[in-house]
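Asks: only geometry, no sequence info:
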């Protein structure tokens with residue numbers, strides 16, 4: 001982005017903010033990439049962003065939702081980088097799709113941006129910094145940690161393992177998946193006892209299974225104890241900081257569904 005595209009950039013702060021408020025959301029987001037000062041100005045607008053959706057398809061997609069408006073950023077990588085295992089790669093280009101459903105009408109605009117000199121991780125960080133969404137949904141997970149979120153909801157993540165879980169430093173994590181290893185969960189809780197995921201307040205994982213599993217596999221070595229004054233089958237484990245978390249396991253045989261809940265009382 002350049003000063004030529006946004007000539008009002010050199011105006012005094014109050015006038016620049018007023019001019020920026022007259023532009024559409026796509027232009028506001030484009031302006032945020034101009035400089036640190038521009039990004040700070042956009043943050044001051046407190047855009048009404050509801051959520052940011054991260055989807056791993058052939059290319060990584062970031063979708064920002066504002067009421068009836070959706071802005072999608074497709075980060076196009078080199079062909080040999082299609083199997084993304086980190087966030088440090090530079091996109092070769094960014095396809096931007098602006099969708100507006102206001103007033104029962106459909107308006108679509110497609111454009112192409114440069115990578116703005118930012119890696120995939122920096123793109124995610126930038127969009128989150130100007131929006132501060134309460135919700136972040138990850139549709140497909142490929143061993144990439146999305147940390148420091150308030151709420152992370154993952155639907156059918158592929159190849160999710162304990163290393164993925166230990167990098168998700170979010171406050172609330174909801175995961176619905178097809179399968180989960182109790183041994184992986186055991187390793188995750190052992191890592192939590194050693195101090196990982198310090199921000200975690202709630203973890204809920206549910207998956208399909210035909211049989212009730214052996215909970216002892218997950219509880220091995222955790223030194224779990226029954227919680228006091230609890231009417232439910234809830235266990236307590238303590239980490240190296242003296243923080244206690246409550247662990248509950250449920251199975252619904254009629255639904256072939258199993259759920260593990262872990263909460264850390266404030």
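Replies: Perfect, I can see it now. Just so it is clear, the model here is predicted, and its values are computed rather than measured.
Asks: can you name the next helix or strand after the helix or strand of the chain with the lowest mean pLDDT?
Replies: Considering only helices and strands, the least confidently modelled element of the chain by mean pLDDT, DSSP states H and E is strand 135-138, at a mean of 53. Beyond strand 135-138 in the direction of the C-terminus, DSSP states H and E gives the next helix or strand as strand 151-155.
Asks: show me what counts as buried in that next one.
Replies: Along strand 151-155, these residues count as buried under the neighbour rule (16 or more other C-beta atoms under 10 Å): 151-154. Bear in mind the C-beta positions are built from the backbone N, C-alpha and C, glycine included.
Asks: which helices and strands sit right next to it?
Replies: In this structure, strand 151-155 makes packing contacts with strand 135-138, strand 172-177, judged by 3 or more C-beta pairs under 8 Å, 6 or more residues apart in numbering; DSSP states H and E.
Asks: in this protein, where is pLDDT below threshold?
Replies: Residues of the chain that meet the criterion pLDDT under 70 lie in 1-4, 57, 79-86, 103-105, 132-149, 156-164, 167, 228-232.
Asks: quick one: the helices in it, in order.
Replies: Listed in chain order, the helices of the chain (DSSP state H) span 13-21, 25-32, 36-45, 120-131, 162-167, 182-193, 215-219.
Asks: buried residues, the last one. List them.
Replies: Within helix 215-219, the residues scored as buried using 16+ other C-beta under 10 Å are 215, 218-219.
Asks: the first one now?
Replies: By neighbour count with 16+ other C-beta under 10 Å, helix 13-21 contains the buried residues 16, 20.
Asks: before we move on, the earlier item: now for the buried residues of strand 151-155: which two are most distant?
Replies: When the buried residues of strand 151-155 are compared pair by pair using C-beta to C-beta, the farthest-apart members prove to be 151 and 154, with a separation of 10.9 Å.
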